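J.: Okay, here's the prediction I keep looking at, along with the sequence it came from:
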Amino acid sequence: MSTVRLFYALWPSPPLAGSLAAWAEQARPSCGGRAMRTETLHMTLAFLGPVDAALADELAAATPEKRLAPGEIELDRYGVFGRQRILWAGPGDTPAGLQAAHDGLWHWLAGFGLGAPPHPFRPHITLLRNIDRPEPPADAPAPLLWRYDRMVLVASESLTGGSRYRIVAQSRPQPA
């Protein structure tokens, strides 16, 4: 049986991704680590992991009809996942609309036989991997505002030295 490793994410515009990459470069002298490639920066809404290829095709076909309510996120802090040695950027508090998008997505995915993870949603964008210190830099740069109106379904393919992400479908914005 063939499987595909999938996740749903918010994908930043190129200018926002560039600003996030600049955040990573600003933090790297104090944290060390390896910066994520600008074109791979994203905020995961739902990590599905390996799914059967037939289900992957079904999700890709259904995703354009799964509407995401527009919202915004203020990215205003750095954080660290110590065990994974990751520096991330994200909101100080999870906006209610973003939490609702996450919860609604998992409710929708339940119809495909997929269950939400037991841990709470912690919205973040991974900026650096393999960092050298267990705490983030003291001050994040000026906050960034991320306005979103759609999500993407992404296939993650393991390669030597990292992963390659391929957007396989995206939702359409809600009609005005």
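T.: Sure, I can see it.

J.: Mind giving me the packing neighbours of the helix of greatest length in the chain?
T.: Secondary structure of the chain read by DSSP state H shows that its longest helix is helix 14-31. Packing partners of helix 14-31 (3 or more CB pairs under 8 Å, 6 or more residues apart in numbering; DSSP states H and E): strand 34-35, strand 86-90, strand 125-129, strand 144-148. Backbone N, C-alpha and C define where each C-beta goes, glycine included.

J.: how about TSV for these, with mean neighbour count, mean pLDDT and distance to Tyr78 added?
T.: TSV is the format used below for these (neighbours: other CB atoms under 10 Å; pLDDT from 0 to 100; distance: least, CB to CB, whole Å):
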stretch	mean neighbour count	mean pLDDT	distance to Tyr78
strand 34-35	15	94	13
strand 86-90	24	96	6
strand 125-129	22	97	8
strand 144-148	16	96	12
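
J.: about what we covered before: ok, and what's touching the longest helix of the chain?
T.: Under the contact criterion CB atoms under 8 Å, 6 or more residues apart in numbering, helix 14-31 has outside partners 12, 35-36, 38-39, 41, 75, 78, 87, 89, 125, 127-128, 131-133, 136-137, 140-141, 144, 146.

J.: so what pLDDT did Gly162 get?
T.: Reading off the confidence values, Gly162 has pLDDT 68.

J.: okay, which residue is most central for this protein?
T.: With distances taken as CA atoms, centre = their mean, the residue of the chain nearest its centroid is Met43 (1.9 Å).

J.: That one and Phe121 touch, don't they?
T.: No - Met43 lies out of contact with Phe121 (CB atoms under 8 Å); the separation is 10.4 Å.

J.: Show me what the closest residue in space to Arg34 that isn't next to it in sequence bridges to in the sheet.
T.: When the adjacent residues along the chain are set aside, Arg34 lies closest to Arg129, with 5.0 Å between them (CB to CB, 6 or more residues apart in numbering). Counting by DSSP bridges, Arg129 is bridged to Arg34, Ile86.

J.: Surely Arg129 and Gly32 touch.
T.: No - here Arg129 does not reach Gly32: they are 10.2 Å apart, not a contact under CB under 8 Å.

J.: Other residues contacting stretch 167-176?
T.: Under the contact criterion CB under 8 Å, 6+ apart, stretch 167-176 has outside partners 6, 11, 56, 59-61, 63-70, 149-155.

J.: got the buried residues for the helix or strand containing Leu109?
T.: According to DSSP states H and E, Leu109 maps onto helix 96-110. Of the residues in helix 96-110, Leu98, Ala101, His102, Leu105, Trp106, Leu109 count as buried by neighbour count, 16 or more other CB atoms under 10 Å.
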